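**Q** take a look and give me a structure for this.
(one chain, ligands or ions: 1)
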Amino acid sequence: MKDNSNTTVVVGMSGGVDSSVTAKVLKDEGYNVIGIFMKNWDDTDEFGVCTATEDYEDVRKVAEQIGIPYYAVNFEKEYYDRVFKYFLEEYNRGRTPNPDVMCNKEIKFNAFLDYAMKLGADYVATGHYARVTHDGEVQMLRGVDDNKDQTYFLNQLTKNQLEKTLFPLGHLEKSEVRELAHKYDLATKDKKDSTGICFIGERDFKEFLSNYLPANPGKIIDFESGEEKGNHDGLMYYTIGQRQGLGIGGSGGPYFVAGKNLETNELYVVSGYDNEYLYSTSLIATEVNFINNVLNEFTATAKFRYRQKDTKVSVKRIGEDVIEVTFLEPTRAITPGQAVVLYDGERVIGGATIDKVFKNGKRLEYLA
Ligand SMILES: Nc1ncnc2c1ncn2[C@@H]1O[C@H](COP(=O)(O)OP(=O)(O)OP(=O)(O)O)[C@@H](O)[C@H]1O
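**A** As a prediction, the model looks like this:
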C-alpha cells in the first residue's frame, strides 16, 4: 500500500455518518488525519440550547474511536458575509438562491480550505458524494450513487480548489457507507441524514426567512386571464413551478407558480402542470465556472435543479463570465437564482447561476 503517513488531510466533520466514515477511511489508508468541525451559524434555540453542541459531541466520539485529533473552528462571520447576505439579497430580488452552492464555494472550499492549508494540510476531505481525479489534469466526476450525487452543489469549485480536495466516498453507494459505519461501529452509524440549508439546518423556512426579510403580502393573479385568484404572503416564499402552498383551489386548477412581478408585488400562477407559460427554451447564466478548459461553443447535458435528470443542451460563451444555454427541448420551471450545471457524461464541466430565461428568443420578464 502507498505510504500516506507524510500526507496530512483535514476532514470536515459534521457529526454525521458520511464525514465519520470519510475520516475512518482516510485514517485506514494511513493518512495523517485531523478532524475539524465548523460552527457557522448561531443555532442557540429559545431555551439556550445549541444543536451544534450535540453534533460536536458526535465528532468527539468518532474522532476518539478512530484515534485522530479534532477540534472546532468558527466561521460565523464569513458565513454571514459571504453566504447569508447573498441568500437574502437573492430572495429580495424575487429569485430562488442556492445557498448550498455558495456555501461550498465560499466556506467549505474557501475559508475552511485556507484554514486547513495554513495548518499545513496537503488536502481537505469531505463526505460529499462526488469524485475528483488527481492523476493528470484534475477533474470532477459525479458520485457513483445516482441518488446521492452532490456535484450539482459543487459546480463552483475551481481546479485549484479541487487539486487540494479528496472525496473518499464518491465511489461508494450511500448504503455501503452506512454498512461501513456499522462495520466499524462508529458512534454515528445510525444517525439520521441531515437535510436543510447548509449550516442553518432544518427549520420552518417561512418563519425563518420572515425574521430577516419583511413579508409583503399581495395578490395572486392568473397570468392568462388576469383574474385575481387570492392572496400570497410574500413573493419570496414562492418558487417557479411550485404547486403546494398557494392556498387557492376552485375552478381551473391546479395552479402553479409561473412568475412574479416585483413592482406590483403580484404572484403569477397558471393552471396545469404542463402549462406552456412554465416552459422555456434557453437561458443566460452568469458567475460561470469551468473546471477544465472548454471551447467557446459546445454541447453537454445539464441539470437546472438538484433532483432532476440531465437534459441535452448547447452552450455558447457570450462574455467573460456569461453563457447562453439552449435546450434541445422546451424545459419546465427554469428558475432564476438556481444553478445550471453542465456535464460531459460522468465529468462535471462546470456551472453558473441562471439569470435570464427565454422562450424562442423572447425574454420571459415575468420570471423576475
Ligand atoms: N459543520 C461542519 N463541519 C465540518 N464539515 C462539515 C460540516 N457540515 C458539513 N461538513 C462537510 O461537508 C460534507 C457535506 O455536507 P452535507 O451537509 O451535505 O452533509 P451530509 O451529506 O449529511 O454528510 P454528513 O453525514 O457527514 O453530515 C460533510 O460530509 C462534511 O464533510
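
**Q** give me the below-cutoff pLDDT ranges for the stretch 251-368 of the chain.
**A** For the stretch 251-368 of the chain, applying pLDDT under 70 flags the ranges 251-252.

**Q** near the ligand, which residues of it are found?
**A** Remark: no part of the stretch 251-368 of the chain is in contact with the ligand, using Cβ under 6 Å from any ligand atom. Where C-beta positions appear, they are placed from N, C-alpha and C, glycine not excepted.

**Q** now do the stretch 1-150 of the chain
**A** 12-14, 16-19, 22, 37-38, 108, 126-128.

**Q** among these, which ones are in strands?
**A** Using DSSP state E, the subset of these located in strands is Gly12, Phe37, Met38.

**Q** any idea which element the closest residue to the ligand within the stretch 151-300 of the chain lies in?
**A** Among the residues of the stretch 151-300 of the chain, Ser194 lies closest to the ligand, at 4.2 Å counting by Cβ to the nearest ligand atom. Remark: Ser194 resides in no helix or strand, with elements defined by DSSP states H and E.

**Q** number the chain from 24, please
**A** With the count now opening at 24, the last piece we talked about shows up as Ser217.

**Q** the closest residue in space to it that isn't next to it in sequence: how many residues sit nearby?
**A** Leaving out its chain neighbours, the residue that sits closest to Ser217 by Cβ to Cβ, 6 or more residues apart in numbering is Gly39, at 5.6 Å. Close neighbours of Gly39, defined as other Cβ atoms under 10 Å, add up to 19.

**Q** tell me the buried residues in stretch 157-168?
**A** Val161, Gln162, Met163, Leu164, Arg165, Gly166, Val167, Asp168 (16 or more other Cβ atoms under 10 Å).

**Q** restrict it to CA atoms and write it as CSV.
**A** Provided in CSV are the C-alpha atoms of stretch 157-168 (Å, rounded to 0.1, in the frame of the first residue of the first chain):
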residue,chain,number,x,y,z
HIS,A,157,-5.8,13.7,-9.4
ASP,A,158,-3.8,11.7,-12.0
GLY,A,159,-3.2,14.1,-14.9
GLU,A,160,-5.4,17.2,-15.1
VAL,A,161,-7.7,17.4,-12.2
GLN,A,162,-11.4,16.5,-13.0
MET,A,163,-14.6,16.3,-11.0
LEU,A,164,-16.9,13.3,-11.7
ARG,A,165,-20.3,12.5,-10.5
GLY,A,166,-20.7,10.3,-7.4
VAL,A,167,-21.4,6.8,-8.4
ASP,A,168,-24.6,6.7,-6.3
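
**Q** neighbouring contacts of that stretch?
**A** With contacts defined as Cβ atoms under 8 Å, 6 or more residues apart in numbering, stretch 157-168 is touched by 151-156, 172-174, 177, 180, 182, 185-186, 190, 192-197, 314-315, 366, 369-371.

**Q** any idea which residue of the stretch 24-173 of the chain lies closest to the ligand?
**A** Per Cβ to the nearest ligand atom, Gly39 is where the stretch 24-173 of the chain lies closest to the ligand, at 2.1 Å.

**Q** mind listing what that residue touches?
**A** Counting by Cβ under 8 Å, 6+ apart, Gly39 touches Asp78, Asp81, Gly150, Thr211, Lys214, Asp216, Ser217.

**Q** contacting residues for the closest residue to Asn133 other than its chain neighbours?
**A** Spatial nearest neighbour of Asn133, excluding adjacent residues (Cβ to Cβ, 6+ apart): Gln184 at 7.5 Å. Listed by Cβ under 8 Å, 6+ apart, the contact set of Gln184 reads Phe132, Asn133, Leu136.

**Q** got the contact list for the host helix or strand of Asp137?
**A** Secondary-structure assignment from DSSP H and E places Asp137 in helix 135-141. The contact list for helix 135-141, computed with Cβ under 8 Å, 6+ apart, reads Val33, Gly35, Ile59, Met61, Val96, Phe98, Tyr146, Val147, Gln184, Lys187, Thr188.

**Q** go again using 6 Å as the cut-off
**A** By Cβ atoms under 6 Å, 6 or more residues apart in numbering, the residues outside helix 135-141 that reach it are Val33, Val147.

**Q** list the buried residues in it.
**A** Neighbour-count burial for helix 135-141 flags Phe135, Leu136, Tyr138, Ala139 (criterion: 16+ other Cβ under 10 Å).

**Q** quick one: average confidence on that helix?
**A** Confidence over helix 135-141 (mean pLDDT, whole number) is 98.

**Q** need the pLDDT of the closest residue to Thr156 other than its chain neighbours.
**A** Leaving aside its sequence neighbours, Thr156 sits nearest to Gln162 (Cβ to Cβ, 6+ apart; 4.9 Å). The model reports Gln162 with a pLDDT of 98.
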